[in-house]
Each structure stands twice: as structure tokens, then as C-alpha cells.
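sequence first, then the predicted structure:
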Number of protein chains: 4
Amino acid sequence: MRQAQQARAKATVDAVVEAAARILAEAGWPAVNTNAIARRAGVSVGSVYEYFPNKQAILDVIIDRHLTEAEETLAAAASSLAGVTDTGVLVEALVAGFVRLHENDPRLHRALSSEVPVSPAQRARVEALRKRTISLLAAALAPNVSDPGIRATLLVDTADALAHRWLIDEVGLPLPADRMASEATKMLKGYLLS
Amino acid sequence: MRQAQQARAKATVDAVVEAAARILAEAGWPAVNTNAIARRAGVSVGSVYEYFPNKQAILDVIIDRHLTEAEETLAAAASSLAGVTDTGVLVEALVAGFVRLHENDPRLHRALSSEVPVSPAQRARVEALRKRTISLLAAALAPNVSDPGIRATLLVDTADALAHRWLIDEVGLPLPADRMASEATKMLKGYLLS
Amino acid sequence: MRQAQQARAKATVDAVVEAAARILAEAGWPAVNTNAIARRAGVSVGSVYEYFPNKQAILDVIIDRHLTEAEETLAAAASSLAGVTDTGVLVEALVAGFVRLHENDPRLHRALSSEVPVSPAQRARVEALRKRTISLLAAALAPNVSDPGIRATLLVDTADALAHRWLIDEVGLPLPADRMASEATKMLKGYLLS
Amino acid sequence: MRQAQQARAKATVDAVVEAAARILAEAGWPAVNTNAIARRAGVSVGSVYEYFPNKQAILDVIIDRHLTEAEETLAAAASSLAGVTDTGVLVEALVAGFVRLHENDPRLHRALSSEVPVSPAQRARVEALRKRTISLLAAALAPNVSDPGIRATLLVDTADALAHRWLIDEVGLPLPADRMASEATKMLKGYLLS
DNA sequence: GATGAATGAGCTTTCATTCAT
DNA sequence: CATGAATGAAAGCTCATTCAT
């Protein structure tokens, strides 16, 4: 009984978050308003405010979810690459990881990174994730490469930025995105050998 | 008389655009409203609507100005580099150009690229500029480099994205931004030699 | 069984009314909402509506309780003063009665008399109580005093209003409230002798 | 021209305040909402917020107006009674003053004193006015009366409370209100002679 | 043209009340 | 009967835009 109630409540929460994410992805931040969210979620505005103190809180959950996904991808990569020092393997995993991260729901991704008001705390969380990624890569590169901190920064920022541009920004490319990714991998590998 | 009126009109237009740009840079997109713009520009709301059909049009001019600046930088680079085929020189100019472009008014730059709702038309204009940059670079690289189109794409997107991240995003770096830029230059040069 | 159910129902009703009264006294009328009442009473909103048709009905019970207390005070005074015609004793009992009535839960008293929307019916009930008090006093005064109706009106309204002002309104006084009450008693006694 | 514009603006402000006061007097505080105020004032909601930061601010103006009126009545009485020490004259003026104050717009008066949320600052202002009235009366009584502070408090609070009850509360009276006032005057005069 | 008062659609949020479980 | 999730009318407020002066 209790369970059933909680399940119902959870379903409402999920529906609201999902509705907000869909509107955000399809129509952009200006189109995200509480009435639209409620309508799309198939609930009433009142229910939205039953579970979220205000509109921003819904967005926060979406951003959280997004960041958590990225953090988990990093953690998974870190554990599956534990002990690996082969620079080629590391670069390939890096690029592949960022590609995977950006392949999922690119419209939402774009809205989140270029329309939505991001709080300082959220910005800090993004930066912390970036820093952690760089640190992990730097540690793995250290045995074989000079200036690992600098190189890791360049690698991570380049891989992230290119993946973003090619997969999110709907930009024209002379090759399919995956072939471009291979090319980027080649460039980054070459850089590590210098 | 006609002359004087036109001069006055232009002054108003400029004041409005400048006011909007300053509010955008200092307080972000949510703070940009027509009353604030008019107050800051020292004119009445009525006058704003005398020269702009709606609020978006003001933003459009700001974006235009921004793009025009980039286009001029590109045109200047193109003419000063006319005939140059030395890949090292080209890469250095490319990175230096993007750095220069991002050094100017970074707060405004950030607001424009991560808060403001950008119309499809504007997106198209950004893409056109990118395409033109890639084409020019590809043509210059063509004599000495295989797959010039692919390589130019990689070079332009990387240089642009890294400049953006390092100069606009207020991100932590192991070296000063100009030293990071040198490192990026090194990477891109190496890539062209492969 | 029936007995137990009724006892339980009464307990719920009491808890709800008491919760509403406490919120009203502590946080004022704007803070009184059905969810807060239910939470404070330790029951669900649903249960509140099981026993009260609407929010106003809860307030009505509080007002009722308040008026009943006043009526009982009046009845007690009437019976204990039955046959008393000494005007001094009557005035002292009158003032003491109103003081006692206002000493109890002054915050609630204030909220009830200056925040809460009072219905015409409730106003009528207050007026009926006032009229009854005046009538009883007038009857007691009749043997010894001319114009007993007018004098009783003046006495009752003055005693009530001053007790209210001095005990409820948190107003600055040159003497403690009980000393002020003695002074008022003196004034009213003097008036009856005129 | 400037003047005309300001006149128009002032007319809007006045219409809004007046509309709010009328709704408050006729239908009570719960009926006072910004849309109703705007409709009644013959302006749009936007205009209301052009001149008032929020709904409370409108109410504040009404309360201010009310208090200012009372303060002016006090000031006028003080100056016209300067030097008067005849207690009979003083009491008559006191009662007449409170009657006059309560005769005006009694429905509004009632709403203001028993429905509307009053801020601590406003309460303080009311208390300050009461204190000032008491002080002025005490000073005038001082030559002829013992305990002038205590007696002035009793006189002021009684006159105010009775005027309020008889003129505002729509309460049943054995005589017309003005005759009741004479009776109250008689009582208060008697008290001063004791 | 310039002004700024006025407009009102539309947004966020609250809360008395209902009803499926 | 009890529960508490769900409802939705209604309120406060904002701001792009209009228009009388």
C-alpha cells in the first residue's frame, strides 16, 4: 500500500522531469513553463508543485541527471582503464567516451549547454568533473609522457569540445562524425608522441 | 537637416544596441528587458520601438556586430595571408586569430553563446562563417597537405573551441592561456605533418 | 464500538480545532491553511474534510468555543449575582469578568478580533451576547438607577473595550493592567451615582 | 506638457488607491485583489504595478491616509485647544474628535481595523498617535487634575473605543449615537471630578 | 520623431477541495 | 473511515509592445 503510493508519487515526479526535458529539447528553454510541463506530463500544475518547490528545481534535476550520467561514464572509464598506460588506448577511450556522452539526446544537451540559466554551483560541478577527468588522465599518462597535466588538459578539452561541436551543434562535416572522431584521435595521439 | 536627423537616429540606434550589450554582458540575458535598455541608453521605450521592430531585433544587431567582427578578422587574415602556404605560419595565424576574437568582451561573448536564444537564421550565419574559414584554410593547405578539407575542419573547430573554453569559460588551466595556446598550436602543427 | 468510534471522531475533531487555533494564535490568519492544520493535528487533509465541510467550519467552531466561553462566564456571573443590586458589586464583577475573559489566550483573541473574516452570522451572535449582557445588567441596575438600559450599554461597552485594548492590543500603559482596571471600575461606579 | 503627464499619472495613482479602498469597504479584504482593483479603477493591472511595487503597498497608502487624517485631526484639536484647561471643554472636544474621526467612511474604517494585515511599523504608528494624544491631554489636564497620565489614558482609550464600537461596529444602541456620546461625555467628566 | 503611461497576455505559485486507493 | 496524491481556479506579478500626447 505504502509502496503503491510511493510508486505513484515517483511516477509523477518522473513524468514531470521527463516532460520538462522533452519540452526543453524540442522547443527550447523559453518554451519551458510550468503549465506546459504539467500538460505534457499529464498532471495538473498543482502536482508539479507538490514535488518541486519551484520551476528551477525541475531544471536542477535535469542538470543533475545529466551531470550524474557524465560522472558515471567517467567512473566506469576510470575503472575499466585502471592500470592502462598505453597512450593510444587512453586517447581512443577518451574520444570514444566523449562521443558516447554526446550522442545521447543531443537536442537536450544543446539546450542545457546554451540556453538554460546555470547556477554557480552547477558550473562548479561541471568544472569539478572536468578537473577530475584531467587528473585521472594525467596520472595515466605520467609514466610515458612529459608535462602530463598540460597534455591531459589539452586532450580533455579538445575531445570534449570537438564531440560537442560535431554531435550537438548540427554542424556541416566533410566526413561522418565517427570518421571525424577517428581523425581527432589521430591528432591527439600524434600530440602525445611529440 | 536630413543629414543631422540621420546622425541623430544613428546615435540612438547605437546607444540602444550598446546599452543592450552592456546589460547582457554585466547582468545576463534575463536582465535584458526593453525598459532597462531604454533607461540605460538614455532614451524612452517609445524611441527604442521607433528604430527596432521588437526586442529580438536589438539582439540581432548585437549578434550581427559580433559576427561582422569575426568576418572582418577572417577577411583581414585572408588578405594578409594571401599566397602563404607554410603550414606553420597558417596554424599560428589561425590560433592567434581565434584567441584575439575571444579576448574581446568575454562576458558578452559568454552571454551570447550560452544564454541567449539564437534563431535558426543566426545559427546559419555562424555556420556560414565557419564554412568560409574552413574553405579558405583548406585552399591554403591544399598544396602541401592531403585531405585539406578534413584537416581544415579539424583545425578550425579545435582552435575555435579551445579558445572559447580557455578564454570565455573561466576554466582552470595549468598554464596561462597564451601558453596553452602555444601548446595547442604545437599539436595542430604536428597533426598537419602526419 | 459505536462508542469507541464516536470517541475517536471527537478526538479528531478536537485535534483539528485545536491545531487551527494554535496556528491562528501563533502565526496569524494567513498561516492558517488546511494542510497546515492537518499536519499539526496529526491527521490527513482527507480526515479534516471528513469532519468539516470546509475550512470556514473549523474557524466557526473556534469562534463558537470562544463565544460559548463568554456565554458561560456570563451565565456564571448572572447566577452568582442573582439578586445582587449593589451597583458597586455589579460594576466590579463586570470589569473583573471582562478582564478574565480577555486574559485567556490573548494572541488567539487578537487574531479572532482583528484578522479573521467574520461572517454576518457570527457578528450577530456576538451582538446577541452583548445584548444579553446589557439586559441582565440593566435588570440588576433597574431598582437603583435611572435609565438602566443606557447606563448598562455604556458600562458593558466600556468595560469590554477597555479590557480588550489593555489586555489584547499590547498597548503602553502608565500602570499595570489590573491597576488600570481598578481605575476604570472607579470611573464606572462614579457614573452610576450621577 | 510635463504637468499634464504628471497629472495623468497622479490620476491613475488616485484611482487605484480609491478603487482599493472602495472594494475594501464594500466587500472586505478577501475581495481586494489586484485584478479587481485595476478593473474598478478603470486601468490595467500593468498600470497598478507601474505605481505600486506590490499589492501591500496600495494598502499601505490607504492606511497612511487614514493615519494622516487622524494625525491632522489631533493637530487641529491641539492648536484650537491650546491653553484650554477647562476639563469639561477638553472632554467634550475629545469625544467630539473621536466621533468625527469615526463618522467618516465607517465601512472602510472597520475593514482597516479588523480584517487587514497591519505591519508592525503601522501598529507602531497607531500607538505613537495614541501616545501623543494621551500626552497632550495629560498636559492640559495637569493643572486641575491628579494623576493626569492615568486619567488621560483612560479618557483617550474610552473615547476611542466607544466611538469605534458605536459608529463602526453597527451595534444596537438604546439611543442615537450622538446621544450615547453625550452620555459618555458625562461619564468622563464625572470621572475627572473624582 | 520623442515620450512614457498604459496595456494585457502570460507566467509562477498557492491552497481549498476532491477522490482513488 | 483514513490517507495523501491530485486537482485547478485564482491570485500576484512581469514585461514586450502600443499609442495618446
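On my side now, so go ahead. Numbering: from 1, shown residues only, chains lettered A, B, ... in the order given.

quick one, what contacts residue A:152?
By C-beta atoms under 8 Å, 6 or more residues apart in numbering or on different chains, the residues touching residue A:152 are A:134, A:135, A:137, A:138, A:141. C-beta coordinates here come from the backbone N, C-alpha and C atoms, glycine included.

quick check: residue A:184 vs chain D, distance?
53 Å (C-beta to the nearest C-beta, to the nearest Å).

if you could redo that for residue A:119, that was the one I meant.
26 Å.

now swap in residue A:64 and tell me
Relative to chain D, and taking C-beta to the nearest C-beta, residue A:64 is found at 33 Å.

can you tell me the SS state at that residue?
Following DSSP: H, G, I helix; E, B strand; the rest coil, residue A:64 is assigned to helix.

what's the answer for residue A:85, then?
coil.

the one residue in chain A that gets nearest to chain B sits in which helix or strand?
Closest to chain B within chain A is residue A:161: 3.3 Å, counting by C-beta to the nearest C-beta. Residue A:161 is located in helix A:148-163, with elements delineated by DSSP states H and E.

after that helix comes which helix or strand?
Next along from helix A:148-163, by DSSP H and E: helix A:177-193.

which residues touch that following helix?
By C-beta under 8 Å, 6+ apart, helix A:177-193 touches A:87-88, A:91-92, A:94-96, A:99, A:141, A:144-145, A:151, A:154-155, A:158-159, A:162-163, A:166-167, A:173-175, B:150-151, B:153-154, B:158, B:186-188, B:190-191, B:194.

DNA strand F versus residue A:192, what's the distance?
49 Å (C-beta to the nearest atom of the strand, to the nearest Å).

how many neighbouring residues does that residue have?
For residue A:192, the count of nearby residues is 21 (other C-beta atoms under 10 Å in any protein chain shown).

how much space between it and chain C?
Taken as C-beta to the nearest C-beta, the span from residue A:192 to chain C is 61 Å.

which residues in chain A form helices?
Per DSSP state H, chain A carries helices over the ranges A:2-27, A:34-41, A:45-51, A:55-80, A:87-103, A:106-114, A:120-141, A:148-163, A:177-193.

the third one near chain C at all?
What it means is helix A:45-51. No: Helix A:45-51 lies out of reach of chain C by C-beta under 8 Å from any C-beta of the partner chain, never closer than 10.6 Å.

which ones are touching the residue in chain A that chain C sits nearest to?
Nearest residue of chain A to chain C (C-beta to the nearest C-beta) works out as residue A:50 at 10.6 Å. Residue A:50 makes contacts with residue A:12, as judged by C-beta under 8 Å, 6+ apart.

confidence score at it?
With respect to pLDDT, residue A:50 scores 93.

ok, now residue A:3?
So residue A:3 comes in at 46 (pLDDT).

cool, residue A:86 as well?
96.

residue A:29 now?
Reported pLDDT for residue A:29: 92.

from DNA strand E, how far off is it?
Distance from residue A:29 to DNA strand E, by C-beta to the nearest atom of the strand: 10 Å.

and the residue lying closest to residue A:74 once chain neighbours are set aside, what's its pLDDT?
Excluding its sequence neighbours, the residue lying closest to residue A:74 (C-beta to C-beta, 6 or more residues apart in numbering or on different chains) is residue A:133, at 5.7 Å. In this prediction, residue A:133 carries a pLDDT score of 97.

same thing with residue A:114?
Looking at residue A:114, the pLDDT reads 89.

these two touch, right, it and residue B:111?
No: with contact defined as C-beta atoms under 8 Å, residue A:114 does not count as touching residue B:111 (10.9 Å).

so which of the helices of chain A gets nearest residue C:29?
Among the helices of chain A, helix A:45-51 comes nearest to residue C:29, with 22.4 Å by C-beta to C-beta.

any low-confidence regions in chain A?
A:1-5 (pLDDT under 70).

spell out which residues of it are next to DNA strand E.
A:1, A:4, A:32-35, A:45-46, A:48-50, A:53-56 (C-beta under 7 Å from any atom of the strand).

from those residues, which would you call buried?
The neighbour count (16 or more other C-beta atoms under 10 Å in any protein chain shown) marks A:32, A:34, A:48 as buried among the residues of chain A next to DNA strand E.

go through the residues you listed and name the one nearest DNA strand E.
residue A:34 (3.8 Å; C-beta to the nearest atom of the strand).

give me every residue that touches residue A:97.
By C-beta under 8 Å, 6+ apart, the neighbours of residue A:97 are A:73, A:74, A:77, A:159.

10 Å instead?
Applying C-beta atoms under 10 Å, 6 or more residues apart in numbering or on different chains to residue A:97 gives the contacts A:70, A:73, A:74, A:76, A:77, A:81, A:133, A:159, A:160, A:163.

likewise residue A:100?
Neighbours of residue A:100 in contact, by C-beta under 10 Å, 6+ apart: A:73, A:77, A:163, A:167.

mind checking how far the residue of chain A closest to chain C is from residue B:120?
Noted for residue A:50: a distance of 37 Å to residue B:120, by C-beta to C-beta, to the nearest Å.

residue A:73 too?
Taking C-beta to C-beta, one finds residue A:73 at 31 Å from residue B:120.

neighbour-wise, which of those two wins?
Shown here are residue A:73 and residue B:120; by other C-beta under 10 Å, residue A:73 has more neighbours (17 against 7).
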